[in-house]
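Engineer: fold the stuff below for me.
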Amino acid sequence: MELSIIFNFLNSIFLQIPGLSSGPLGSANPLVKGMISSAFGIVGIAIGLNLFNAVIKRKIVDNNKLKRLMKETRAWQKERMAAFRAKDQEKIDELNKKSAYMSKMNMELMQMNMRPMMYTFVPLILIFYFVLPHLFAYTVAIAPIDLNFVPGNFFQLTCTAAKVAESQLPNHPQICHHVNEMYFWAWYFLSSIAFSGIIMRLTKTTMDTD
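Structural biologist: Coordinates of the predicted model:
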């Protein structure tokens, strides 16, 4: 589950790469009107893309092998941490002999988890830059609190007071109307995370080792 959240976060980071779009994602005159219909529409798209990712993963990743590798690496890490806490040098030296092997396994795990992105990243980019901006407005929901928890201005989920003031200036697109309005890609990001665990369990692509 943790890796799923990480990869969803990476996908959303990639969507913000400068130069991939000429401006903020969204439309001043979207095909889908209203925040409620837009919010539910994006939830449906998030579910659909998660299902697509799950199907691709089932086709190209050996989930049993993935779970086995994760279980083995976690067990080694747990045992090594316990040895460090107990200051059992003999046990530490014994476990360190497997470091090269475990590094190789971790690399294989990373490759197995990244492989589905090679098939899903391009469709995701095409959908976000050629389909969704015409369907939805710049903002599609209102958050109860400020969700800009990442330092800096690169990864913002909600509108700030500065963005609202900027939107009211002449010759500026009216992107933000109220503080804490959520950008449509941010609502997709949160919706995707909310449903990814459920979909992985339903499609038996979860990375839980239990």
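Engineer: low pLDDT regions in the chain?
Structural biologist: 1-23, 152-154, 207-210 (pLDDT under 70).
Engineer: neighbours of Tyr129, how many?
Structural biologist: Around Tyr129 there are 14 other residues, counting by other CB atoms under 10 Å. From N, CA and C alone the C-beta is placed, and that goes for glycine too.
Engineer: try Gly41
Structural biologist: Neighbourhood size, Gly41 [other CB under 10 Å]: 20.
Engineer: OK, contacts around Gln168?
Structural biologist: Gln174 (CB atoms under 8 Å, 6 or more residues apart in numbering).
Engineer: same check on Ala83?
Structural biologist: 91-92, 95.
Engineer: and Ala141, that's in a helix?
Structural biologist: No: with DSSP: H, G, I helix; E, B strand; the rest coil as the criterion, Ala141 is located in strand rather than a helix.
Engineer: so for it, what's the nearest residue that isn't a sequence neighbour?
Structural biologist: In space, and not counting its chain neighbours, Ala141 is closest to Met182: 4.4 Å by CB to CB, 6 or more residues apart in numbering.
Engineer: what strand or helix carries Leu169?
Structural biologist: Using DSSP states H and E, Leu169 falls within no helix or strand.
Engineer: contacting residues around the nearest residue to Glu79 once chain neighbours are set aside?
Structural biologist: Using CB to CB, 6+ apart and skipping the chain neighbours, the partner closest in space to Glu79 is Leu95 (6.3 Å). Applying CB under 8 Å, 6+ apart to Leu95 gives the contacts 76, 79-80, 83.
Engineer: likewise Phe149?
Structural biologist: Counting by CB under 8 Å, 6+ apart, Phe149 touches Leu157.
Engineer: need the strands for the protein, in chain order.
Structural biologist: Here the chain has its strands, by DSSP state E, at 139-142, 181-183.
Engineer: CSV for those, including distance to Ala161 and mean neighbour count?
Structural biologist: Below are the strands of the chain laid out as CSV (distance: least, CB to CB, whole Å; neighbours: other CB atoms under 10 Å):
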stretch, distance to Ala161, mean neighbour count
strand 139-142, 14, 22
strand 181-183, 11, 24
